[in-house]
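Asker: With the input below, show me the fold.
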Amino acid sequence: MDLMKKLRDVPSPGAEAYDQARADLLTAMTEPAAAVVRPQRWFSWPRAGAAVLAAAAVVAAVVVIGPPGGDVPAGTAPSEAAPRVVESPLVKLASDVRAAAALPGDSSLVIGTKPAPDSSPYVFYTVYTDRGQIFKGDSAQNLAASAGKNDDQAQPYDAKVMAAARQAASGDVEKARIAMITVSGNAFGVGLSPAEADRAWAAAEEKKAEVFRRLGKEVPAPRPRPTGEELENLIGNHLWSNTTYALFVGAANAEVRAGVLKLLATMPDVTIGEADLEGRPVLTLTAAAAILGGGGSQVLTIDAGNGLPIRSEVVPAAGSPDPSTPSVVQYRSSRVHLADVVAGKI
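Answerer: The predicted structure follows:
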């Protein structure tokens, strides 16, 4: 947290440069690039140098280190330890999503809205094409320009989370679950023997140390490999963060959405509720504070009929010494043609 406080006055980099630096460093540090779910930042900031970009990426990773997580203890075979998909509302909904008639279009469009620092609405657009490209913008015009220039912002991380979601939709959910947890590496040794898990953790710690050395920063002392409840919470965080990231990027892709629903159905730390939102039935998926670092829970509201995301809210934990900052993001999703996006017709 001291590092976070010291860097508050550092200008934030532009979205593309920040994401690239963060993705590269987080891969090296075996932390998920989306462990803290937040929309892409499209405000106009001054360009930052490589050192600032690297520092920002390290901060993102440090934030993640407290809250990452899952449910498959190291040294246990996945088939024995991974919770099997049960007949939850999410499983039935996933089946309905896959069985529904295909909607026209070749891309998924997700429009998110959240309060900006001045309390005005900040709207961000994400297009995920059926070919795996990702285009972003803070307006229909910027999005059109990005797509028109073929400014594909998809990273290897994106391809992996989407592949894991698709695998869950049509294949082995337990294998897809392992794939989603280990998108950014298997530092926790999920599914490995105890000896293999120890070696994987040591290798990950060395990669992290190398990042600090390249930045000219003091290398922190190696941490012991987490075990027991700590390990389960860390793995749970990775599964929740990576899975919901896939949903927020590719919600209007039926295969991705169905896979996300199946994966979320395997999580014992996610409570499913039924509610009514402005006259339509919805499901609320609440991720426990334990898998999010203890500072608060996250409530994802989805349409009970089609599984599309409607709202994501972070709720600070009462009595927490370090409560999460409350936040709400509203989502709208639809199928679109990329050509229409390029033409600004969305």
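Asker: all contacts plus neighbour counts: C-alpha atoms, from now on.
Answerer: Fine.
Asker: For Gln104, give me phi and psi.
Answerer: No Gln there; residue 104 is Pro. In terms of degrees, to the nearest 10, the main-chain angles of Pro104 are phi -70, psi 150.
Asker: who's in contact with the nearest residue to it once chain neighbours are set aside?
Answerer: Of all residues not flanking Pro104 in the chain, Arg335 sits nearest, at 6.7 Å (C-alpha to C-alpha, 6 or more residues apart in numbering). Contact analysis of Arg335 by C-alpha atoms under 8 Å, 6 or more residues apart in numbering lists Leu103, Pro104, Gly105, Asp106, Ser107, Ser108, Leu109, Ala252, Asn253.
Asker: Which helix or strand contains Arg335?
Answerer: When secondary structure is defined using DSSP states H and E, the element that contains Arg335 is strand 327-336.
Asker: That strand pairs with which strands, parallel or anti?
Answerer: Strand 327-336 has its sheet partners listed here by DSSP bridges as strand 107-115 (antiparallel), strand 309-316 (antiparallel).
Asker: now the first one: mean pLDDT?
Answerer: Spelled out, that is strand 107-115. For strand 107-115, mean pLDDT rounds to 97.
Asker: again, but for the shortest one
Answerer: The average pLDDT within strand 309-316 is 98.
Asker: Of all the strands paired with strand 327-336, which one is nearest Lys207?
Answerer: Taking C-alpha to C-alpha, strand 309-316 is the member of the strands paired with strand 327-336 nearest to Lys207, at 31.3 Å.
Asker: mind listing the strands for the stretch 101-250 of the chain?
Answerer: Shown for the stretch 101-250 of the chain, the strands assigned by DSSP state E, counting those that start in this stretch span residues 107-115, 121-129, 134-137.
Asker: so what strands line up beside the last one?
Answerer: When pairs are called by DSSP bridges, strand 134-137 turns out to pair with strand 121-129 (antiparallel).
Asker: where does the nearest residue to Leu308 once chain neighbours are set aside fall, helix, sheet strand or coil?
Answerer: Setting aside the residues directly before and after it, Leu308 is nearest to Ile302 in space (C-alpha to C-alpha, 6+ apart), at 5.4 Å. When classified by DSSP: H, G, I helix; E, B strand; the rest coil, Ile302 comes out as strand.
Asker: Would you check that Ile302 makes contact with Gln330?
Answerer: No. Taking C-alpha atoms under 8 Å as the definition, Ile302 is not a contact partner of Gln330, at 10.7 Å.
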